[in-house]
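In: 3D, please:
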Amino acid sequence: ASSLAAAAAAAGRRPRAAPSSPPKRKPPSNVHPLAAAAAAEVARRPKPPSSPTLQRRPAAPSALAEALAAAAAKRKQRGPPKSPTRKRNPFQLSKPPPPPEEATSPLHARPSEAQVETSKRIAELEATVAALRSELNRVKKPTERQQQSIDDIESELRAATARCLQGDPSAEAELERLDAALRAHPDHKIRQAKARARWDAEQRTANNNALALTRSLVPPDILKSTAKDVGLRICDALQSDDKPALALARRVWSAKALRAVRAPSELLRKAHVADLRGTYTPTGLDIIELRAVYACLPKEFANDGDGAKAAWREAIREKLVAMVAKEASGSLTAAEKRNSAYQHLPEFVRLFPSEACDEGWRPDAADPLARGGPSRPRAAPAGLLAALQGRSRVGV
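Out: Okay, here's the model as predicted:
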């Protein structure tokens, strides 16, 4: 206690007065009394004044902090971060950048109307030039063979034909080449059309005379007759039933193509191609009969979208042209000149009229529902029908 009082005096404090009442007992603790007294003494001691030399110095910046500060300074200088760029795909079409709203340089300045018109005109001219170049590349240059005249090609063709007949093996390829050049020549079709018109004009009179002669030997109603009727009519016209009359009747009936001379022109024009090829095919005819059949054929056929009827007529014409050429050269056989059925007939004989049979023929004449055709059976009268129904009711 004396030591504590001395310490308090040294510190300038007054000593505590003795308590008048006895101190209260503190609850027992596990701390030793001496340790507790020492701790209390230390707590009562005054703190020494603070000295500037004893203040805590700030810690030195580390290397990591310096690096972060340098990076922040650089980012500040560069500005905001840019978006990451993707690698360009070489197979993807790149879109041109949109034009800037405001012209920042002469390259981005909007063109004037004059410049736009000039650009359009230049594009049109370039397209025209490209089209002309492609057309020039498409058209081949004329070869030496195409520049020749058709007369020169025909002369070379005749010479190649002569060499081919003599046994020259190289003449066959030459013939094929010259034939192709002749068909491709522009004057070939013109010459063919002129030759066709010239031949028709020259043979028209002979064809018409042959048609009139053949019609005078064929009964007018042969399309609706039988073989017996045709024989009777020819025998009555000749007033004879001997061999010449029977031979003529057999010839007229067996050569079915001769029925075309008595067929109406409208019937031939609308005939089916199967009928033309079957009934009117000129097989085994002499030159006069063939002239008559060709002269009665129409120039154009109805319902001939595929051209089969026109091809059939052209085949008859080619056959007649060949026979006329053989007649001119004198190489026709006796049967081709005139059939044996006409040998015993006089040249002036005319059995039937030679006019055409176009009158009174209609395409729908065989149709019972057509106007002017056979009338349909009329219905039973109403009274008769009622009487029959009444009898059926009473069971009669």
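
In: ok, residues contacting stretch 306-321?
Out: Residues from elsewhere that reach stretch 306-321 (CB atoms under 8 Å, 6 or more residues apart in numbering): 199, 203, 273, 276-277, 282, 287, 290-291, 293-294, 297, 300-301, 304. Where you see a C-beta, it was placed from the backbone N, CA and C, and this is true even at glycine.

In: Pull out the buried members of the residues you listed.
Out: Among the contacts of stretch 306-321, those classed as buried by 16 or more other CB atoms under 10 Å are 203, 273, 276, 282, 287, 290-291, 293-294, 297, 301.

In: Return the item of the residues you listed having minimum pLDDT.
Out: Lowest-confidence member of the buried ones among the contacts of stretch 306-321: Pro282, scoring 88 (pLDDT).

In: Check the gap between that one and Leu320 for me.
Out: 9 Å (CB to CB, to the nearest Å).

In: joint contacts of the two?
Out: With CB under 8 Å, 6+ apart as the test, Pro282 and Leu320 both reach Leu290.

In: ok, back up a step: quick one: mark the members of the contacts of stretch 306-321 that sit in helices.
Out: Of these, the ones assigned to helices by DSSP state H are 199, 203, 273, 276-277, 287, 290-291, 293-294.

In: okay, the residues you listed in TSV with distance to Gln148 next?
Out: Formatted as TSV, the ones in helices among the contacts of stretch 306-321 follow (distance: CB to CB, whole Å):
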residue	distance to Gln148
Trp199	26
Gln203	32
Val273	41
Leu276	41
Arg277	41
Ile287	38
Leu290	38
Arg291	38
Val293	41
Tyr294	36
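
In: got the buried residues for the helix or strand harbouring Asn209?
Out: Remark: Asn209 resides in helix 186-215, with elements defined by DSSP states H and E. Residues of helix 186-215 classed as buried by neighbour count (16+ other CB under 10 Å): 203, 207, 210-215.

In: Closest one of those to Leu268?
Out: Checking the buried residues of helix 186-215 against Leu268 by CB to CB gives Leu211 as the nearest, at 13.0 Å.

In: Listing request: residues of the chain with sub-threshold pLDDT.
Out: The chain contains residues with pLDDT under 70 at 1-32, 47-62, 79-109, 139-147, 357-396.

In: How about Ala292: what's its closest non-neighbour residue?
Out: Thr214 (3.8 Å; CB to CB, 6 or more residues apart in numbering).

In: Next, count neighbours for Ala160.
Out: 21 (other CB atoms under 10 Å).

In: Would you mind giving the buried ones among the contacts of stretch 306-321 as JSON lines with distance to Ala160 added?
Out: Below are those laid out as JSON lines (distance: CB to CB, whole Å):
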{"residue": "Gln203", "distance to Ala160": "31"}
{"residue": "Val273", "distance to Ala160": "39"}
{"residue": "Leu276", "distance to Ala160": "38"}
{"residue": "Pro282", "distance to Ala160": "34"}
{"residue": "Ile287", "distance to Ala160": "32"}
{"residue": "Leu290", "distance to Ala160": "33"}
{"residue": "Arg291", "distance to Ala160": "35"}
{"residue": "Val293", "distance to Ala160": "37"}
{"residue": "Tyr294", "distance to Ala160": "33"}
{"residue": "Leu297", "distance to Ala160": "37"}
{"residue": "Phe301", "distance to Ala160": "39"}
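
In: any idea which of these is closest to Pro264?
Out: Nearest member of the buried ones among the contacts of stretch 306-321 to Pro264, counting by CB to CB, is Leu297, at 12.5 Å.

In: I'd say that closest one and Arg269 touch.
Out: No - look at Leu297 against Arg269 with CB atoms under 8 Å: they stay out of range, at 9.1 Å.

In: coming back round to it: put together CSV for the buried residues of helix 186-215, with distance to Leu351 on each row.
Out: As requested, these are arranged in CSV below (distance: CB to CB, whole Å):
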residue, distance to Leu351
Gln203, 25
Asn207, 21
Ala210, 16
Leu211, 15
Ala212, 12
Leu213, 11
Thr214, 11
Arg215, 10
